[in-house]
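Peer 1: I'd like to go over a predicted model; first the sequence, then the structure.
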Amino acid sequence: MPMKNGIQLITYPDSLGGDLDSLNNLLNERFAGLFAAGVHILPPFPSSSDRGFAPITYYQIDPRFGTWKDIEAIGERHDVILDLMVNHISRQSDYFRDFVKRGRASRWADLFITIDKVWPDSRIPPEDLAKIAFRKPDIPFSDIQIEENGQ
């Protein structure tokens, strides 16, 4: 389907009405015809933090917002975009928990960037670190102890 050129609503799933069903009602009634290019729903997945940007799973919609049926209902009359952040995942996700348990033996190991994948000697040159834009004052790396081998 070709992209539509026009106004698109970008919203969190709970910003307009509190949930996806209410959002759908607003789109179809109060905002009818206004967002011809559709609606971009920011992460509606169960998440541990960061307003949805630390998803625990992509297979479910956070029950506080609704269900996949609500997304489908919105999609009946509007083009829908959902955020899928391939560079964000919750520490509470099954993917991360398996990686912490099994390390490189995890079937999900390739989802995680370890320092040695970027810097083979596992030392970050200060000039490289200086090029990283930090959203928070902390360094953007976490020390993880792999349970099965202690590394």
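Peer 2: Yep, it's here.
Peer 1: gap between D19 and T67?
Peer 2: 10 Å (CB to CB, to the nearest Å). Bear in mind the C-beta positions are built from the backbone N, C-alpha and C, glycine included.
Peer 1: what does I10 give?
Peer 2: Counting by CB to CB, the gap from I10 to T67 is 21 Å.
Peer 1: likewise for D116?
Peer 2: 41 Å.
Peer 1: who has more neighbours out of those two?
Peer 2: T67 (15 against 10; other CB atoms under 10 Å).
Peer 1: is it true that the more buried one touches A73?
Peer 2: No: between T67 and A73 there is no contact under CB atoms under 8 Å: 9.5 Å.
Peer 1: who touches both of those two?
Peer 2: L20 (CB atoms under 8 Å, 6 or more residues apart in numbering).
Peer 1: the protein: helices as residue ranges?
Peer 2: Along the chain, counting by DSSP state H, helices occupy 20-28, 68-75, 94-102, 115-118, 126-129.
Peer 1: would you mind finding the most buried of those?
Peer 2: By mean neighbour count, with neighbours taken as mean count of other CB atoms under 10 Å, helix 20-28 ranks first of the helices of the chain at a mean of 20.
Peer 1: that one packs against which elements?
Peer 2: Judged by 3 or more CB pairs under 8 Å, 6 or more residues apart in numbering; DSSP states H and E, helix 20-28 is in contact with strand 39-41, helix 68-75.
Peer 1: for G38, see how far away P44 is.
Peer 2: P44 sits at a distance of 15 Å from G38 (criterion: CB to CB).
Peer 1: then D138?
Peer 2: With distances taken as CB to CB, D138 is found 36 Å from G38.
Peer 1: tell me which of these two has more neighbours.
Peer 2: Legend: neighbour count by other CB under 10 Å for D138 and G38, higher for G38 (20 against 8).
Peer 1: ok, and the closest non-adjacent residue to that one?
Peer 2: D79 (3.1 Å; CB to CB, 6 or more residues apart in numbering).
Peer 1: that neighbour against G6, yeah?
Peer 2: No: at 10.0 Å, D79 does not count as touching G6 under the criterion of CB under 8 Å.
Peer 1: can you give me the strands for the protein?
Peer 2: Assigned by DSSP state E, the chain shows strands spanning 9-11, 39-41, 80-82.
Peer 1: deepest in the core, which of the ones you listed is it.
Peer 2: Of all the strands of the chain, strand 39-41 carries the top mean neighbour count, a mean of 20, counting by mean count of other CB under 10 Å.
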